[in-house]
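Enquirer: Coordinates only, no sequence provided:
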């Protein structure tokens, strides 16, 4: 019997290390078999993925390409976490959001949440949310020394904050035991509504809190308005930095020291289903804010306090059950990225006020990740990954560049009022919207594998969100508009608009393109109908007539069969009443036989909108 050395690392010792160049040559060989004759760096470029902000995900990362030293958890620049123990062992703070305006119902939901795993509360107060005077009733039975409260009160932040502070005093919560975020965010409110607020009240409130309540933070730097307006990760970070710096200037001008001012801020960021980008975003945010603290002369002020919220932009109204998967990945990424608090939006968030089941699933998402998946047992679990470290570094540089652009424009307030922020975010969203329209960024249940027979979920309407400032975008919005047209047609006529799928030849020839075409047309609410048997020029007319199609047909098969049969089948379909004949495949295939083409990368939204127009489906 051979006894292995006890160093534990010698199993591959007899094999020489592979070089980067050797790996590239192997990649070149694989690509050559697929018809791509490229070499060296060009081979890697073929396998690379372009991200927003000029970032690129490459196919291979190695030690020499990693970012600068990221330090240790709990020490500046805090890339690896805000404390030496990270979120271990208890996990992150599970913060549930409550949007209702009825204090009795809100109280019932709050108590149910706290009894079942939630550790802090995020309350919408003032405006269309909970009335400020109803705050004590909503928090009846809540141990305020154990359950931190985060307020979201918009223009009413000062009144709501004073009400909460009075409640602490009335319930005899020791000032040192109170944990809260008062949610003052004048610039965030301006971004949401277009209405400027005087920060003076927030400064006075912060001075009072800093003097007597060490566990309470007054100002929230909410980056969600920029994320929800279509901003990229770097833009979200850059605008949060500009907002944070504006608040630091106001607080220090008002008499607070730099360290005290830094201790009055909490930052809120979106967590998306792009897990690695989300992990990198929270790590980069701490690094960037540490750099600002250092520049302000307070390198030992501690890490940025972070509240993660699963992205509203990624939530869909159709097939909302898939949102559970999206929010699970986003929650995991935020926790791995080191967020202090995480809010998982319920899967029915976009449909109205969530029901008890949806709230339960939302809070249990964190519980499963912490208690069953044990994510909190490892500090900075993504740390040391060449890819994550490089992505964190590149994202931090892109965000810092945009932050400097905003500062050169006069700061966050000036950038908002001049239109710089709105124009930049609109351009970013327009580029992303094109990818969504072309299904280069697929949305499961919406642009990919939609279910036309799905029964919509009904929810009580949520309070109206503030408007007047930056727009709110959603990944599903273009397809949602198309599906709404189809729904109206169904309600008026008893049937959805239909298109006939003319499958040519054996299943092996047409299945892939028939599946592609069916998915594409269903994304716009157009029901694909096909004959169970492949059609020919002799059977196409009868099959089309039996389908109930609204003047449209699409040929689905291989290129070889298109050359043999497309012209005859298309002529038969036109004779049977098809006004437009599509072909699923490359433009130019069977030229002259068909009217239009649908293919991977075509503008699906434009095609579907045109189809509905020609079918007479009203806007």
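Expert: Sure, I can see it. Treat the numbers as computed from the prediction; the structure is a model and nothing was measured.
Enquirer: those strands in the stretch 401-550 of the chain, which residues are they?
Expert: All strands of the stretch 401-550 of the chain, identified by DSSP state E, counting those that start in this stretch, fall at 498-503, 527-530.
Enquirer: taking those strands together, which one is wrapped up most tightly?
Expert: strand 498-503 (a mean of 26; mean count of other C-beta atoms under 10 Å). For every residue, glycine as well, the C-beta is placed using N, CA and C.
Enquirer: so what does that one touch, helix or strand wise?
Expert: Contacts defined by 3 or more C-beta pairs under 8 Å, 6 or more residues apart in numbering; DSSP states H and E place strand 498-503 against helix 507-523, strand 527-530, helix 540-547, strand 552-556, helix 559-575.
Enquirer: wait, what's in contact with the nearest residue to residue 73 once chain neighbours are set aside?
Expert: Distances taken as C-beta to C-beta, 6 or more residues apart in numbering put residue 81 closest to residue 73, at 3.9 Å, once the chain neighbours are dropped. For residue 81, the contact set (C-beta atoms under 8 Å, 6 or more residues apart in numbering) comprises 73, 74, 87, 286, 303, 338, 379, 380.
Enquirer: about what we covered before: would a markdown table of the helices and strands packed on strand 498-503 with distance to residue 36 and mean pLDDT be doable?
Expert: What follows is these, written out as a markdown table (distance: least, C-beta to C-beta, whole Å; pLDDT from 0 to 100):
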| stretch | distance to residue 36 | mean pLDDT |
| --- | --- | --- |
| helix 507-523 | 21 | 95 |
| strand 527-530 | 33 | 94 |
| helix 540-547 | 38 | 94 |
| strand 552-556 | 27 | 97 |
| helix 559-575 | 20 | 96 |
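Enquirer: Distance to residue 131 for the ones you listed - can I get that in CSV?
Expert: Shown next, in CSV, are the helices and strands packed on strand 498-503 (distance: least, C-beta to C-beta, whole Å):
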stretch, distance to residue 131
helix 507-523, 42
strand 527-530, 47
helix 540-547, 56
strand 552-556, 53
helix 559-575, 62
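Enquirer: Indicate which one of the ones you listed is closest to residue 608.
Expert: helix 507-523 (6.7 Å; C-beta to C-beta).
Enquirer: Tell me the buried residues in the closest one?
Expert: Going by neighbour count (16 or more other C-beta atoms under 10 Å), the buried part of helix 507-523 is 509, 510, 513, 514, 516, 517, 518, 519, 520, 521, 522, 523.
Enquirer: same check, this time on stretch 381-389
Expert: For stretch 381-389, by 16+ other C-beta under 10 Å, it's 381, 382, 383, 385, 387, 388, 389.
Enquirer: Equivalent analysis for stretch 156-173, please.
Expert: Neighbour-count burial for stretch 156-173 flags 156, 157, 158, 159, 160, 161, 163, 164, 165, 167, 168, 173 (criterion: 16+ other C-beta under 10 Å).
Enquirer: now swap in stretch 122-137 and tell me
Expert: 122, 123, 124, 125, 126, 127, 129, 130, 131, 132, 134, 135.
Enquirer: Can you tell me the closest non-neighbouring residue to the fifth one?
Expert: Pointing back at residue 126 there. In space, residue 126 is closest to residue 156, 3.0 Å off (C-beta to C-beta, 6+ apart).
Enquirer: ok, the one you found touching residue 132?
Expert: Yes - the criterion here is C-beta atoms under 8 Å, and residue 156 meets it with residue 132 at 6.1 Å.
Enquirer: Overlap in contacts, the two.
Expert: Contacts common to residue 156 and residue 132, judged by C-beta under 8 Å, 6+ apart, are 125, 126.
Enquirer: Give me the distance between the closest residue to residue 407 other than its chain neighbours and residue 236.
Expert: Using C-beta to C-beta, 6+ apart and skipping residues adjacent in sequence, the residue nearest residue 407 is residue 242, 6.3 Å away. Noted for residue 242: a distance of 11 Å to residue 236, by C-beta to C-beta, to the nearest Å.
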